[in-house]
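> Everything below, folded, please.
(one chain, ligands or ions: 1)
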Amino acid sequence: MKLLVTGGAGYIGSVVSALLLEAGHEVVVLDDLSTGHEDAVPARARLVRGTLRGAAAEVLGGAGFDAVLHFAARSLVGESVEKPGLYWDKNLGESLALLEAMRVAGVPRIVFSSTAATYGEPESTPILETDPTRPTNPYGASKLAIDTTLAEYARLHGIGGVSLRYFNVAGAYGTQGERHAVETHLIPNVLKIANGDGDAVKMFGEDYPTADGTCVRDYIHVADLGRAHLLALDACEPGTHQIFNLGSGTGNSVREVIEVCREVTGRDIPAEVHPRRPGDPAVLIASSDKIRSQLGWKPERDLRAMVSDAWTFLRSR
Ligand code: UFG
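Residues are numbered from 1 along each chain as shown. Just a heads-up that it's a prediction; the model follows:
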């Protein structure tokens, strides 16, 4: 297939681009490089530098694309609370421009990078796709609005859409890994300390109602996550919008993650308790039953593999 990958210079978009190329697809990346890296784009993909508003219509017009995989977004929860307008503009506004460009060019399928943040604070775990969506920040709210827009474009314009709601993505694949200018995620932050960059890991809160008092998250290896996109692409059906949670279905606490990082790296990794980070739910675990049964997906790499691959990536840079 001929595929457009928006945000293909970012962490997840670059891994998925690599997997699509390995599977024999043709890949064009559209990225404004505001947070992505030019050298993260696989060599066999063509990079078009631009925003979706600025360039999607031109890239897609008359070019015979079969599908779009849409990753381009702002994705920092804290920043979204400080600058909600930016998130509505960059996430929903740019996505609308992309969908209009697809409609005009007659591109029939889209796989969208949605998030567990669309659910907000869950009433129960594991989280099902049918559970209430009550995002607690503009990041999650803007992603939920895109899911809703996709459903409308499916119903009214016949597009086939799949939204994958990611839980906590980690690890690296080949030469692609996580390198955000502002790093908020647990595993890369712990590995930085292991690598001698900083004194101690900050553990945000130890008084949550969990077994060891720290937050529990559902970690998924970026390569397992990437494979799900290839299955989702095949599952796009004209006129329907489908939603799948994408997590392993199991949880690990912050303390457990730090312990695995100590084992994998062989370093001490000091950690100190800090106050809770505002807006963190105690437990976020996906029900992955739907994607397992309907798309035949299952995770193949555990938390140790995620940490080990992220560590190898960090040490290679
Ligand atoms: N944490 C620490 N110390 C750190 C970093 C994180 O203790 O230095 C803790 C957090 O408080 C949280 C857990 O580790 O309890 C995981 O935090 P991350 O920042 O790695 O991930 P989140 O669960 O906050 O975020 C993920 C996605 C977001 C998405 C969110 C859904 O990265 O994009 O899930 O709620 F919005």
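> So which residues of the stretch 151-300 of the chain form helices?
186-194, 222-235, 254-265, 289-295 (DSSP state H, counting those that start in this stretch).
> Show me the one of the ones you listed that comes nearest residue 208.
Of all the helices of the stretch 151-300 of the chain, it is helix 254-265 that lies closest to residue 208, at 9.1 Å by Cβ to Cβ. All C-beta spots, glycine's among them, are computed from the backbone N, C-alpha and C.
> Quick check: the gap between residue 224 and the ligand.
16 Å (Cβ to the nearest ligand atom, to the nearest Å).
> Run through the residues that contact whichever residue of the stretch 201-317 of the chain sits closest to the ligand.
In the stretch 201-317 of the chain, the residue that lies nearest the ligand is residue 215 (3.0 Å; Cβ to the nearest ligand atom). Counting by Cβ atoms under 8 Å, 6 or more residues apart in numbering, residue 215 makes contact with 204, 205, 208, 253, 254, 280, 281, 282, 283, 284.
> What's the mean pLDDT across the helix or strand hosting residue 95?
With elements taken from DSSP states H and E, the one containing residue 95 is helix 94-105. Regarding helix 94-105, the rounded mean pLDDT is 98.
> mind listing what's buried in that helix?
94, 95, 96, 97, 98, 99, 100, 101, 102, 105 (16 or more other Cβ atoms under 10 Å).
> what's the answer for stretch 235-249, then?
Buried positions in stretch 235-249, judged by neighbour count with 16+ other Cβ under 10 Å: 235, 236, 241, 242, 243, 244, 245, 246, 247, 248, 249.
> Could you list which of the residues you listed also contact the ligand?
Here nothing survives when the buried residues of stretch 235-249 are matched to the ligand using Cβ under 6 Å from any ligand atom.
> could those residues go into JSON lines alongside pLDDT?
Converted to JSON lines, the buried residues of stretch 235-249 look like this (pLDDT from 0 to 100):
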{"residue": "235", "pLDDT": "98"}
{"residue": "236", "pLDDT": "98"}
{"residue": "241", "pLDDT": "98"}
{"residue": "242", "pLDDT": "98"}
{"residue": "243", "pLDDT": "98"}
{"residue": "244", "pLDDT": "98"}
{"residue": "245", "pLDDT": "98"}
{"residue": "246", "pLDDT": "98"}
{"residue": "247", "pLDDT": "97"}
{"residue": "248", "pLDDT": "96"}
{"residue": "249", "pLDDT": "96"}
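> from those, which ones fall inside strands?
Using DSSP state E, the members of the buried residues of stretch 235-249 that fall in strands are 241, 242, 243, 244, 245, 246.
> which other residues reach the helix holding residue 95?
Under Cβ under 8 Å, 6+ apart, the answer for helix 94-105 is 6, 51-53, 56-57, 59-63, 65, 68, 70, 72, 107, 110, 112, 146, 149-150, 153, 157, 159.
> Same question for stretch 53-61.
By Cβ under 8 Å, 6+ apart, the residues outside stretch 53-61 that reach it are 4, 6, 28, 30, 32, 48, 50, 68, 93-94, 97-98, 100-102, 104-105, 107.
> and the ligand, which of these contact it?
When Cβ under 6 Å from any ligand atom is applied, no member of those is adjacent to the ligand.
> count of residues packed around the nearest residue to residue 223 once chain neighbours are set aside?
Computed as Cβ to Cβ, 6 or more residues apart in numbering, the closest residue to residue 223 that is not its neighbour in sequence is residue 173, at 4.5 Å. Residues near residue 173, counting by other Cβ atoms under 10 Å, number 22.
> again with the one 3 residues further on
The burial metric for residue 176, expressed as a neighbour count using other Cβ under 10 Å, is 25.
> now residue 285
For residue 285, using other Cβ under 10 Å, the count is 22.
> before we move on, the earlier item: for the buried residues of stretch 235-249, which one is nearest residue 296?
Of these, the one sitting nearest to residue 296 (Cβ to Cβ) turns out to be residue 235, at 9.8 Å.
> got a list of what the closest one touches?
162, 242, 294, 295.
> Can you tell me which of the residues you listed has the most neighbours?
Most surrounded of the contacts of residue 235: other Cβ under 10 Å gives residue 162, at 29 neighbours.
> in terms of contact, does it touch residue 242 like I think?
Yes: with contacts counted by Cβ atoms under 8 Å, residue 162 reaches residue 242, the gap being 5.0 Å.
> Just give the nearest non-adjacent residue to the closest residue to the ligand within the stretch 51-200 of the chain, would you?
Nearest residue of the stretch 51-200 of the chain to the ligand: residue 117, at 3.2 Å (Cβ to the nearest ligand atom). The shortest distance from residue 117 to any non-neighbouring residue, by Cβ to Cβ, 6+ apart, is to residue 140 (3.2 Å).
> The one you found reaches residue 91, doesn't it?
No: Residue 140 is beyond contact range of residue 91, at 10.1 Å (criterion: Cβ under 8 Å).
> returning to what we had before: the residue nearest to residue 223 pairs with what?
Applying DSSP bridges to residue 173 yields these beta-bridge partners: residue 176.
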